[in-house]
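>>> Okay, predicted coordinates and the sequence, questions at the end:
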Amino acid sequence: MEKAGARKLGVGIAHMVIHFMDGTKIVFRYPKQAGHDAATIAATVKKALETDKIVVEAQGALLVIPGRNIKYVQITPVPDELPKGILRHAEIVG
């Protein structure tokens, strides 16, 4: 559970759910990875969106997950800053 004010300060816990093409998923919990300014955070998010794989260090192992196996990724909470071109404040309705 996030501490009060954690989102504002760029600290706390985040979750990433990777949904695979075969219908399975894996869930990661990690300390929020935040920069110190809006431009750094947005640039980091943009770089992650442009890569062809997700690399995660978890429980003493390095996991390299090829993008071709991924259906979609869900990250919560939303990073404090996002690059331009991302639809904000949407609602899933179906």
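That came through, no problem.

>>> Just want the most central residue of the chain.
Nearest residue to the geometric centre of the chain (Cα atoms, centre = their mean): I75, 4.0 Å.

>>> for the chain, which spans come out with low pLDDT?
Along the chain, segments meeting pLDDT under 70 span 1-11, 34.

>>> Kindly recompute the last result at 90.
The model of the chain has pLDDT under 90 over residues 1-12, 32-50, 78-85.

>>> Mind jotting down where the helices sit in it?
6-9, 38-50 (DSSP state H).

>>> in stretch 69-86, what counts as buried?
By neighbour count with 16 or more other Cβ atoms under 10 Å, stretch 69-86 contains the buried residues 79-83. In short, each C-beta sits where N, CA and C put it, glycine included.

>>> Looking at these, which is nearest H19?
Nearest to H19 among the buried residues of stretch 69-86, counting by Cβ to Cβ, is P79 at 18.8 Å.

>>> could you dump the helices of the chain to JSON lines with mean neighbour count?
As requested, these are arranged in JSON lines below (neighbours: other Cβ atoms under 10 Å):
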{"stretch": "helix 6-9", "mean neighbour count": "13"}
{"stretch": "helix 38-50", "mean neighbour count": "14"}
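
>>> As JSON lines, those helices with distance to I92 would be great.
Below are those laid out as JSON lines (distance: least, Cβ to Cβ, whole Å):
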{"stretch": "helix 6-9", "distance to I92": "21"}
{"stretch": "helix 38-50", "distance to I92": "19"}
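
>>> What distance do you get for the residue of the chain most remote from its centre to V73?
The C-alpha centroid of the chain is most remote from G94, which lies 22.6 Å away (Cα atoms, centre = their mean). Applying Cβ to Cβ, to the nearest Å, the value for G94 to V73 is 20 Å.

>>> about what we covered before: looking at the buried residues of stretch 69-86, which are in strands?
If you go by DSSP state E, the buried residues of stretch 69-86 have nothing in strands.

>>> Among those, list the two that are farthest apart in space.
Distance extremes for those: the farthest pair is D80 and P83 at 12.3 Å, using Cβ to Cβ.
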